[in-house]
Every structure is written in structure tokens, then in C-alpha cells.
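Asks: Mind looking at a prediction? Sequence and model below.
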Amino acid sequence: MTAATAAGLAGCSGLGGERSGTSRSVSENADSTIPGGTTERDPETLLLRADTDGPPVRVDGEDGTPERPERRSSRLSYAVVDTRSRADRLLVADGVDADAVAAFRSATAFDSETLYLETRRVAECFRLRLCGVSWTAEEIRTAYARELRPYDERCSADESVFESRLIRLPAALDRAEVSSYGSSTDGQGRCHGDGGDGRRDRGNEGADGDTPAPTPVATREEVSE
Amino acid sequence: MDPTAPTRREVLLSAGAAALAGCSELGARSDDDGAIPPTRLPDVPDEGDSEPIVVDDVPVAIERERLAETAARAEALLGTVPMPLGPADVPNGHVREELLAAADAATDRLDDARSAATRLSAMRSLRRARTEARYAAAGWAFVADGRTEAELREERRAAAREAERFRSNHEYVGDDPVRAVVVHAAIEGTIRRVVEDRGPSTGAASGALLRVAEWGGHAESGRASLDDSRYLYDRFAASLPDDAAGVAPTLEAAAESLTEDLRDQRESLQPEPTASSGDPVDRLRRRLRRDAESHARNAPDGPAASTVVDATAALAAHFAYDRLLDRIDDGERFRAESGADVRERRAAALASIRTALEGSPSPDLARKPLASAARLVTYGDDELARYRRSVRPARLDSPIRRYVTATLRARSVPAACERVLEALEG
């Protein structure tokens, strides 16, 4: 599976968010806002998380890899689903709740709504929280916070899984018009607007007062097509 | 680091053998671009293994029993965590690994303490051992006993309150002002970590268990720093004759006079050159100037004893900058042309540190700035240890800079001590 390998290589660095082969910047918190765009902090979303070989959900005929394979990214795939016929081409991997996908799809009014499908890879002991999505006619951005799963949920520190999200945007976008995609992840588990409670410097008990380099708190990747 | 990867020494040994056999790519190729083969570089330990030849110490007789008690505290904390911690205990593999890593780090710090060159550095390693051990123990106590973040936050706050009280009752006891200033500065530095409470780096990402673990480590670190400060103070006070008069006026006057010196020196610094290049001379000049400036600016921020002790390093940084300017005037380029250049720079740094410790008018005062110079040498060593192939001379600018800086600082320490002693003598 080419797609799965690409994401595996992109991996996540464990400490602070995820690396991207495209562009990378650091922001205060994960923030999806596009200036002049529409932003939803809590869009209607269907999350499918699975330990599968490939994306839990993808569009048939598209392997989900961004067009230029050198752009390895923790964001494995993204697709704009702007028509019912395209929605009918959504393929669900074995073991994933296909009924939920079917129900979410049929509840979407494509004359006034669009589905945005995004799949990411995440370490098994973590999960992503969608902080928000922002869009214009040409661009879609998402933001996530990476959170540790509860200590009593069994998982392996060395494994990763896929999270596919179908996000229902209350706007009729034209897939052909959308040319730019962006996504950021906050490795400290905070969404923009969560409040600035206590991200502090690590108490420095080093005998020499040597200060460790700060960890980037969020990474952002953007792709223009 | 991959434990199965050959160490640098192994690589070099085999390269040497291959060179003898006449088939080496690594061996003695220094012809074309002036590249220096690694076999010509100083024989440094593997990366991370270089130990400073001087470490900080304090003129207080720290008892072996006291260190053993602290180690026992760390071991007792580790003993509360069931080992090996498995998925049945903590199902989340990431959380489990964090706790295991802390337990491992605690064990490493206990080992460091056993092999420490001075009792003070053993004491510091043990503080860190306690902190790491408590992290693991508190994380497990969250599972086993329902330990809460609130309890641990309160424990840390209590330590900070006690530290505040300790600090406001801190008297500059002593008879010999030099010995006293070094001891009191060590105590001031240790207690400051507890009072200036910044909290651990917990985030929403870490989850409840790891937040409890972090706060456990933080509470322990506060308590350990407070314990050590009290111990050093009491132990020092007990060593004094009954009629020791105290040294407060002496320290305060010295701090004041040294603060003035440092202000003058800052004002006398030439302005920083605006043009910057990658030239090693420029870089050294820029760095040592910045060093001198920031040391002089920061030294007077602390309480009196710390000001005096930090002034020693600040004066040494200033004199080191002057020495550098002289050597630049003499035409030195500070770029290695051969492996022998690097070996000489490193040997000079080590010799200067040793000589300065022996030749300083006050080894007690000299030790801290010399320990910092010795640490610079280990940073240079770590950089060299990364080279397993022939290297262009410009790539060695950074280790050369560290060795040269260490040399200049070390040679400046005796004069800096001299000035501080004058200030203490009034």
C-alpha cells in the first residue's frame, strides 16, 4: 500500500505534533481559520478510526495519495465530495462501520452541503480532536489537537492507526474550484480558543541551568494544487 | 543511539587497521581539499561520554550517610512501582513507556551519584533521581491509590511556602568570607528553584495519569531542593566556631563593589560589530563579547552571595574577551589546518583548566567557572565524536571555538578570583 507507506514514513515525531514534507510553521494553538473564510468549530463529523492497511474511507479510484508523492504527509488523503454520485463512490475498508458512512452520506444535501473527507495517521495511544474547519470557495483548512488516550485503554506505543473524517460543510463547494488544502496539529492537545491555561516552561532542575530547546507546539502543513 | 552500531572508536580502530593494509577510504586522505582524517583528530570519548575534568563543589563536608539516605528515598519510591510494569498494570503503551523511562532515568541518576566526582554533584544527581522516581511512583499511585493532581499541587505549594520562609530567614553565617560566599551562593541557587515556581510542562495532551506523574516529580523536586538547602545550611553552620561573627556586611559590600565593576566593564565594551560573516574570528569575537555582556548584566540580579560568585564568572568572561582581542591582534585565525591544531587546542583547554584550579588564589571560587569551562570542552568533544570520515577544516570551527573559549576563560579565572577576593577583603 503506497499510501500507507508514505504516511508511515512521515510518521509523527512523538514530542510535538507531526512532520510534513511540505511547509511547516509553528502556531500558538491549532487554528484552522482562513482570513475571509467561514469557520466551523464543531462541524457535523463522522469519525472512523481503524487499524486497517489503508484509509478506512476513500473515494473509489483515488488512492488518496496527494498528487506529488514526494509530499509525504501525516495527512494521508483528502477529498472534496461535492455530488451524490461522487459520494456513492466512497469506499469503506473491511471492519469499518459502513452503515454509519451510508447514513451520513444520505443525510447530506449536496445542493447546499459538501462532504470533506480527510484521513490522517495517528499513533495508536493518541487520538486527534478536530478543532475546526475553515473554507472558502478555493481553500479548505482543518486544525486538530493531538490528545493522549486514557491510560486504561490498551494500545501499543509503536503502532499507528488511521482516522478518517467525513466533515459536512454547510456550503455547496465545487471540487474543481478547491485548489488549496491545509491542516495543522497541536501536539499539546489544545485547540485555538481552548484558553491559555498553563502551558509553562518545564521546571528546570538541571544542575547547570541549561535550558532545553522549546518544543514546537503546533505544526502546519499546506498543499496547493 | 543504536546500541549495535559500532562506536566511533571501533570505526577508527578498524579504519586504522585498514589504512595499514593500504586500502582505506577513511584513513589518511588529507591531500585534495585539505580534509582532515578522523584518525588525526583528538581521541575523544564517544558522543555523550565525555566527562568534564572539573565539576562544581561546595566547601561543606556533605556526609556519605546523608547521600545514602537520599538514594534510599529514591529507591523506596522506585520500589512502589511494580516491575516489570506490563499492559495489565497500565494498558496504554505510551503512558507505560513514560513511567518506565522515568524509572530508568532515576536508576541512571543513582548510578551517576555513585560515580560523581564531588559530593555536591552526587547531591544534585540524587535530587534528579528523586524527581524521576517520584514521577514514576506518582503515576503508578494514580492507578493504585487514586492519587490526585490537587494533592500534589498542594505538596509543591507547601514546599514553595517553606522555601520562602527559609529564604527570608537565611542569615549569612560564617567566618571566612570566601568559603561562606561559595556556600551561601550554592544554597541561594538551590532554594531559588523552589520559590520561583513555574510548574511542570503538563498539557491537555498528557492525560490525567501523566499530569499526576509530572506533578509528583515537581513536588518531589521542590521538596528535595528544600531538604538539600537546609542540609547545606545546617551543616555549614555546625562547622563554624561558636564566635563566628557572620559575614553579611562583607558580602553585601563586596556585591556592591563588584556590581559597580561590572557596570563599568559593560560600558567599556566596544560596540558589537555590525557586519557578520561565517569567519571564525568574527564568530568568536561576537560570542565572547555577548558572553561578557550578558554575564555582567545578569550577575547583579541575585542575592548578595550569588552576585559575588556570579561576578567571578562575569569577570572571567570579560578578561577572556580581552585576551581574545589580543590574540586576534596577533593575527590568529582560529581555524584548524591540521588534526594537530585541533589536538593542541583541546590539550591547551584541559591544561588551562587544571592550571587555573591549582594556581587560583581561591580554588573554592575558581571551581564554578572552571566547571563551566570544562563543560565546554565536553561539548567540543561531542562534536568531534560525530566525525567518522575526513572533515573539512571549516567544519571544525565549532569545536575549535569551544576549546578556545574554554582556554581563554580558564586562564582568566585566577585574575577574576583575585579581584573578587579584593572585594571581599574590602
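Replies: Done, it's in.
Asks: Only C-alpha atoms from now on, for both contacts and neighbour counts.
Replies: Fine.
Asks: For the nearest residue to residue A:57 once chain neighbours are set aside, which residues are in contact?
Replies: Using C-alpha to C-alpha, 6 or more residues apart in numbering or on different chains and skipping the chain neighbours, the partner closest in space to residue A:57 is residue A:92 (4.7 Å). For residue A:92, the contacting residues are A:56-58, A:98, A:101, by C-alpha atoms under 8 Å, 6 or more residues apart in numbering or on different chains.
Asks: Excluding residues flanking it in the chain, which one is nearest residue B:94?
Replies: Leaving out its chain neighbours, residue B:94 is closest to residue A:157 (C-alpha to C-alpha, 6+ apart), at 4.7 Å.
Asks: Distance-wise, check the one you found relative to residue A:121.
Replies: Residue A:157 sits 14 Å away from residue A:121, going by C-alpha to C-alpha, to the nearest Å.
Asks: Then residue A:128?
Replies: For residue A:128 relative to residue A:121 (C-alpha to C-alpha), the value is 9 Å.
Asks: returning to what we had before: what's the most distant pair in the contacts of residue A:92?
Replies: Spatially, the most separated pair among the contacts of residue A:92 is A:58 and A:98, at 11.9 Å (C-alpha to C-alpha).
Asks: can you pull out the helices in the chain?
Replies: If you meant another chain, say so; for now it's chain A. Remark: helices assigned in chain A by DSSP state H are A:2-10, A:84-87, A:98-106.
Asks: Sorry, I should have been clearer: chain B.
Replies: Counting by DSSP H, the helices of chain B are B:8-20, B:64-79, B:93-114, B:119-145, B:149-169, B:177-195, B:207-238, B:248-268, B:280-298, B:304-329, B:339-359, B:363-385, B:397-425.
Asks: With residue B:44 as the reference, name the closest of the ones you listed.
Replies: Closest approach to residue B:44 among the helices of chain B (C-alpha to C-alpha): helix B:363-385, 5.8 Å.
Asks: now that closest one, how far from the centre of its chain.
Replies: Averaging C-alpha positions (C-alpha atoms, centre = their mean, to the nearest Å) puts helix B:363-385 8 Å from its chain's average.
Asks: quick check: angle from it to helix B:339-359?
Replies: Counting by axes from the mean of the first three to the mean of the last three C-alpha atoms, to 10 degrees, helix B:363-385 points 160 degrees away from the direction of helix B:339-359.
Asks: Give the other helices and strands that helix B:363-385 contacts.
Replies: Applying 3 or more C-alpha pairs under 8 Å, 6 or more residues apart in numbering or on different chains; DSSP states H and E, one finds that helix B:363-385 contacts helix B:177-195, helix B:304-329, helix B:339-359, helix B:397-425.
Asks: closest one to chain A among the ones you listed?
Replies: helix B:177-195 (7.5 Å; C-alpha to the nearest C-alpha).
Asks: May I have that closest one exported as PDB, CA atoms only?
Replies: C-alpha atoms of helix B:177-195 as PDB (Å, rounded to 0.1, in the frame of the first residue of the first chain):
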ATOM      1  CA  PRO B 177      34.000  35.200  53.800                       C
ATOM      2  CA  VAL B 178      35.300  33.300  50.800                       C
ATOM      3  CA  ARG B 179      34.200  29.900  52.000                       C
ATOM      4  CA  ALA B 180      30.900  31.500  53.200                       C
ATOM      5  CA  VAL B 181      30.100  33.200  49.900                       C
ATOM      6  CA  VAL B 182      30.500  30.000  48.000                       C
ATOM      7  CA  VAL B 183      28.300  28.000  50.400                       C
ATOM      8  CA  HIS B 184      25.600  30.700  50.600                       C
ATOM      9  CA  ALA B 185      25.500  31.100  46.800                       C
ATOM     10  CA  ALA B 186      25.000  27.400  46.400                       C
ATOM     11  CA  ILE B 187      22.100  27.500  48.900                       C
ATOM     12  CA  GLU B 188      20.600  30.600  47.200                       C
ATOM     13  CA  GLY B 189      20.700  28.900  43.800                       C
ATOM     14  CA  THR B 190      19.100  25.700  45.100                       C
ATOM     15  CA  ILE B 191      16.300  27.400  47.000                       C
ATOM     16  CA  ARG B 192      15.500  29.700  44.100                       C
ATOM     17  CA  ARG B 193      14.300  26.800  42.100                       C
ATOM     18  CA  VAL B 194      11.600  26.100  44.600                       C
ATOM     19  CA  VAL B 195      10.500  29.700  45.200                       C
END
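Asks: Give me the average confidence score over that helix.
Replies: Throughout helix B:177-195, pLDDT has a mean value of 96.
Asks: how big is the angle separating that helix from helix B:304-329?
Replies: Using the same axes, to 10 degrees, helix B:177-195 lies at 100 degrees relative to helix B:304-329.
Asks: what does helix B:177-195 contact?
Replies: Taking C-alpha under 8 Å, 6+ apart as the rule, helix B:177-195 contacts A:204-205, B:58-60, B:159-161, B:163-164, B:167, B:172-174, B:222, B:225-226, B:228-229, B:232-233, B:236, B:247, B:250-251, B:303, B:305-306, B:308-309, B:362, B:364-365, B:421, B:424.
Asks: One more pass at 6 Å, please.
Replies: The contact list for helix B:177-195 (C-alpha atoms under 6 Å, 6 or more residues apart in numbering or on different chains) reads B:58, B:160, B:163, B:174, B:222, B:225, B:229, B:305-306.
Asks: how many neighbours does the residue of the stretch 51-200 of chain B found nearest chain A have?
Replies: Residue nearest to chain A within the stretch 51-200 of chain B (C-alpha to the nearest C-alpha): residue B:91, separated by 4.2 Å. Neighbour count of residue B:91, defined by other C-alpha atoms under 10 Å in any protein chain shown: 19.
Asks: Not counting sequence-adjacent ones, nearest residue to it?
Replies: residue A:154 (4.2 Å).
Asks: Show the pLDDT at the closest residue in space to residue B:147 that isn't next to it in sequence.
Replies: Nearest non-adjacent residue to residue B:147, counting by C-alpha to C-alpha, 6+ apart: residue B:141, 5.4 Å away. Per-residue pLDDT puts residue B:141 at 98.
Asks: on that earlier part again, quick one: which of residue A:128 and residue A:121 has more around it?
Replies: Counted by other C-alpha under 10 Å, residue A:128 and residue A:121 do not tie: residue A:121 has more neighbours, with 29 against 22.
Asks: Bridge partners for that one, pull those for me.
Replies: With DSSP bridges as the criterion, residue A:121 is bridged to residue A:162.
Asks: Was I right to think it contacts residue A:162?
Replies: Yes: between residue A:121 and residue A:162 there is a contact at 4.5 Å, judged by C-alpha atoms under 6 Å.
Asks: among the helices and strands of chain A, which has the poorest mean pLDDT?
Replies: Within chain A, no helix or strand scores below helix A:2-10, which has a mean of 29 by mean pLDDT, DSSP states H and E.
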